[in-house]
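S.K.: build the 3D model from these lines:
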Amino acid sequence: MYRVIEVARMLGVSKVTIYKKMRYLKDEIKPYVVKDKNVTHITGEGVELIKSTIQIQDYESESKDSLKLVEAENKISEIQKNLDRVFETNSELVEQQKYMQNAYRAELEKRIEQSEFYLKHLEQEMENARVLGDELKKQLNLFIEINKQVN
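M.R.: The predicted structure is shown next:
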């Protein structure tokens, strides 16, 4: 025979749980319970009966835990899918950004090339204008010399 506290320790539960089980199993456990000077004792058969209800509850608890685990795994899977979609979208955006940067760079290089062409053209025109100016200056000086000689 075991005291309630001993049964609780053997089954890894509290005294309150044992008393609740005894109330739940009222008629079934009655033959296995003995009270001696306000101390409740339970026979080995009574302990086995209580133990069987605790095991059933543990199985139900494990089933609930398994269900919670499956739900958690489903949530994790859904989050992973969402993260994959976000990553895919970000990758597409990065690729678009690289494409736009390359297109912008190509346009800038084209404009720089055109500007360099115009600058060379202007430099050539300026050189031509300088040569023409020098030539005009020579002709003007010649005209002035001739004019002096005629007058």
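
S.K.: for the protein, what spans make up the strands?
M.R.: With DSSP state E, the ranges of strands along the chain come out as 2-3, 33-36, 39-42.

S.K.: and the last one, what does it pack onto?
M.R.: Strand 39-42 is packed against strand 2-3, helix 4-11, helix 15-24, strand 33-36, with contacts defined by 3 or more CB pairs under 8 Å, 6 or more residues apart in numbering; DSSP states H and E. In this view, the C-beta of every residue, glycine as well, is placed from N, C-alpha and C.

S.K.: residues touching it, excluding its own?
M.R.: Residues from elsewhere that reach strand 39-42 (CB atoms under 8 Å, 6 or more residues apart in numbering): 1-4, 7, 18, 22, 29, 32-35, 50.

S.K.: mind listing the helices for the protein?
M.R.: Secondary structure of the chain (DSSP state H): helices located at 4-11, 15-24, 26-29, 44-150.

S.K.: where does the most centrally placed residue in the chain land on pLDDT?
M.R.: The centroid of the chain falls nearest to L83 when counting by CA atoms, centre = their mean (5.6 Å). In the prediction, the pLDDT value recorded for L83 is 93.

S.K.: and the gap between it and E73?
M.R.: L83 sits 15 Å away from E73, going by CB to CB, to the nearest Å.

S.K.: on that earlier part again, just the contacts of strand 39-42 now: which is nearest I112?
M.R.: Nearest to I112 among the contacts of strand 39-42 is I18, at 89.0 Å by CB to CB.
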